[in-house]
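> Provided below for reference: sequence and predicted model.
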There are 2 protein chains.
Amino acid sequence: MSGNPVPVIILVEPQLGENIGMCARAMLNCGLDRLRLVRPRDGWPNPAAKATAADADAVLERVEVFATLDEALADCHHVLATTARARSLAVPVETAETAARQVVRWNAGGAGVAVLFGAEASGLDTSSVARAERLVRFDTNPEFPSLNLAQSVLLFGWEWRRAALASEPPEEEGLPATRGELRPFLERLVSALEARGFFLTPELRPTTEAILHSLFHRTAPTERELALLQGMLTALLRERRTDGEGAASGHEAAS
Amino acid sequence: MSGNPVPVIILVEPQLGENIGMCARAMLNCGLDRLRLVRPRDGWPNPAAKATAADADAVLERVEVFATLDEALADCHHVLATTARARSLAVPVETAETAARQVVRWNAGGAGVAVLFGAEASGLDTSSVARAERLVRFDTNPEFPSLNLAQSVLLFGWEWRRAALASEPPEEEGLPATRGELRPFLERLVSALEARGFFLTPELRPTTEAILHSLFHRTAPTERELALLQGMLTALLRERRTDGEGAASGHEAAS
């Protein structure tokens, strides 16, 4: 297992420092030490986190803080979200065991992998879930399913550790584009749609945008495919010409 | 899984009510609802437990409290202890996954099964470990192995749930004697040894007694075997006779 990278655990808008500390401890129990925070409610550093981390200082000292989830994901090739609710999005759901195996294969193939955990009370919002290729489901008691934040992190870490110790074969597929590479395309797409009156009402826009995001994030295009998508978009945005030259040059720019 | 009994979780001398509540929550997350406490430091009921149980009230309301571990174990056929340290005892150690499968098989065969968890800081003492047939090891990061109480309970419960959902075939072996049935034999054995000057110093006695306890608890004798052990002990304690009649009648009483 040594030498292989480990997944990044990302807490999105965590509230209590105590819980961040307990997450750090649970992570290190399982051999995970890369923790990112997106907009922690009480700022960072937070003394309450140190109090509950029980000497998992190595994790807390390396915490990276981001203002947006997209920035936290910029260098990641694959993203999973832990949530019981798929919301309105068609993201495939996997058990923690299956997801953990996939993470180990992705990491072994050289990809950067992030696993998202939502805030204590509210979980992940639709926009965050839309960043994920897969959702991770914890098969707890259906009559009493709710895990607290650190317990969710512990169970994911426990499954990850089991999978890592079993030394899965590396993922043979090529790396997808990082989220940082994908983002300009999505921004360009949304701007273009906006300029063309695609979003009918401001109320529906976040949901529509989340569905679009989810669609492309789930697909996890390679760099080459992403270039093709950019080329397609360029072509589509061009004024139609009768000789078809625009579409052809658009595709060439992408490949 | 419904209809099958579940293992009893026993917390030995737990300190903080908050941790008891978090254990109850973790148990119910995994479908476990039988909790016993041995000498809880702050008494019982404890309002601090309710505060952290997050509506796992069904577990807290059914909590049973005992003055000694032996009383808590009296109706149990099989006992596991969760501890990283086997102490000086030769108790077999299993992973949580393997232990959980065994628990499911035992329960499915009609046996009462207890799983012991020690106090927050100190864990289980040698005398408690000596009650166990097997030890349960959590394969955490060797450089940062220490789990808190509720996390240990959660990981055991998680593995138990996985094993229970996989519906293991029931244990075909006969039931061992309950711990309540075994105890008079052990008390009689220790008294007899004491009367014969077996325990050389008061300092060494607890360790020696623990080794003896561990030996017989690990063996998990059936009721018939236990009767035979009692008969053997009777015979051994009798004055030696030249015609051998004492040994013969002792064995008959046992079978």
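Cool, got the structure. Residues are numbered from 1 along each chain as shown, chains lettered A, B, ... in the order given.
> Next to chain B in this structure, residues from the stretch 101-250 of chain A, please.
Contact residues, the stretch 101-250 of chain A versus chain B (C-beta under 8 Å from any C-beta of the partner chain): A:139-141, A:144-148, A:150-151, A:154-155, A:158, A:161-162, A:165. C-beta: built from backbone N, CA, C; applies to glycine.
> Which members of those residues are classed as buried?
Among those, the ones that count as buried by 16 or more other C-beta atoms under 10 Å in any protein chain shown are A:140-141, A:144, A:146-148, A:150-151, A:154-155, A:158, A:161-162.
> Pick out the most distant pair among those.
Greatest spacing in those, by C-beta to C-beta: A:144 and A:161 (25.2 Å).
> May I ask which helix or strand of chain A has the lowest mean pLDDT?
One helix or strand of chain A scores below all others by mean pLDDT, DSSP states H and E: helix A:245-254, with a mean of 40.
> Chain A: strands as residue ranges?
A:8-12, A:35-38, A:64-66, A:78-82, A:93-95, A:113-117, A:134-137 (DSSP state E).
> angle of the fourth one against strand A:113-117?
It refers to strand A:78-82. Between strand A:78-82 and strand A:113-117, the angle comes out at 20 degrees (axes from the mean of the first three to the mean of the last three C-alpha atoms, to 10 degrees).
> which residues are contacting strand A:78-82?
A:73, A:91, A:99, A:102-103, A:106, A:111-118, A:124, A:128-129, A:131-136, A:138, A:152, A:156, A:176, A:179, A:217, A:220 (C-beta atoms under 8 Å, 6 or more residues apart in numbering or on different chains).
> And that strand, how far out from the chain middle?
Distance of strand A:78-82 from its chain centroid, counting by C-alpha atoms, centre = their mean, to the nearest Å, is 4 Å.
> what mean pLDDT does it have?
Averaging pLDDT along strand A:78-82 yields 95.
> Using PDB, write out the CA atom coordinates for that strand.
What follows is strand A:78-82, C-alpha atoms only, in PDB (Å, rounded to 0.1, in the frame of the first residue of the first chain):
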ATOM      1  CA  HIS A  78     -12.500  11.200  -9.800                       C
ATOM      2  CA  VAL A  79     -15.100  12.400  -7.200                       C
ATOM      3  CA  LEU A  80     -17.400  10.400  -5.000                       C
ATOM      4  CA  ALA A  81     -20.100  11.800  -2.800                       C
ATOM      5  CA  THR A  82     -21.400  10.100   0.400                       C
END
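> ok, it: who's next to it in the sheet?
strand A:113-117 (parallel), strand A:134-137 (parallel) (DSSP bridges).
> Using JSON lines, lay out those together with mean pLDDT.
Output for the strands paired with strand A:78-82, formatted as JSON lines (pLDDT from 0 to 100):
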{"stretch": "strand A:113-117", "mean pLDDT": "97"}
{"stretch": "strand A:134-137", "mean pLDDT": "93"}
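> ranking these by burial, who's on top?
Mean neighbour count (mean count of other C-beta atoms under 10 Å in any protein chain shown) peaks for strand A:113-117 among these, with a mean of 24.
> now that one against strand A:8-12, angle please.
Going by the same axes, to 10 degrees, strand A:113-117 makes 30 degrees with strand A:8-12.
> what residues does strand A:113-117 touch?
If you take C-beta under 8 Å, 6+ apart as the criterion, strand A:113-117 is touched by A:5, A:7-12, A:14, A:23, A:36, A:69, A:72-73, A:76-82, A:103, A:106-107, A:124, A:128, A:131-132, A:136, A:149, A:152-153, A:156.
> Next one: the residue nearest in space to the middle of chain A from chain B, what distance?
With distances taken as C-alpha atoms, centre = their mean, residue A:79 lies nearest the centre of chain A, 3.1 Å away. Using C-beta to the nearest C-beta, to the nearest Å, residue A:79 is found at 24 Å from chain B.
> partners of that residue in the sheet?
Under DSSP bridges, the beta-bridge partners of residue A:79 are residue A:114.
> Burial check on residue A:194, number of neighbours?
When neighbours are defined as other C-beta atoms under 10 Å in any protein chain shown, residue A:194 has 12 of them.
> That one and residue A:205: what is the separation?
9 Å (C-beta to C-beta, to the nearest Å).
> Check residue A:5 too.
Computed with C-beta to C-beta, the distance linking residue A:5 and residue A:205 is 37 Å.
> cool, residue A:211 as well?
11 Å.
> Which parts of the stretch 101-250 of chain A are helices?
For the stretch 101-250 of chain A, the helices defined by DSSP state H, counting those that start in this stretch cover A:126-129, A:149-165, A:179-195, A:205-219, A:223-237, A:245-254.
> Out of the ones you listed, indicate the one that is most buried.
With neighbours taken as mean count of other C-beta under 10 Å, the helices of the stretch 101-250 of chain A reach their highest mean count in helix A:149-165, at a mean of 24.
> Phi first, then psi, for residue A:14.
Main-chain torsions, residue A:14, degrees, to the nearest 10: phi -70, psi 150.
> number of nearby residues for it?
Applying other C-beta under 10 Å, we find 24 residues neighbouring residue A:14.
> Tell me how far it lies from residue A:113.
Distance, residue A:14 to residue A:113, by C-beta to C-beta: 20 Å.
> now residue A:141
Residue A:141 is 28 Å from residue A:113, by C-beta to C-beta.
> before we move on, what about residue A:124?
From residue A:124 to residue A:113 the distance is 17 Å (C-beta to C-beta).
> go on, residue A:68?
Taken as C-beta to C-beta, the span from residue A:68 to residue A:113 is 19 Å.
> can you check residue A:160 too?
According to C-beta to C-beta, residue A:160 and residue A:113 sit 10 Å apart.
> shared neighbours of these two, which are they?
Common contact partners of residue A:160 and residue A:113 (C-beta under 8 Å, 6+ apart): A:7, A:103.
> Point out where the stretch 101-250 of chain A drops to low pLDDT.
For the stretch 101-250 of chain A, applying pLDDT under 70 flags the ranges A:168-169, A:171-173, A:239-250.
> wait, residue A:157 sits on residue A:26?
Yes. Judged on C-beta atoms under 8 Å, residue A:157 makes contact with residue A:26 at a distance of 5.9 Å.
> Can you name the two of the residues of the stretch 101-250 of chain A next to chain B that sit furthest apart?
For those, the farthest-apart pair by C-beta to C-beta is A:144 and A:165; their separation is 29.7 Å.
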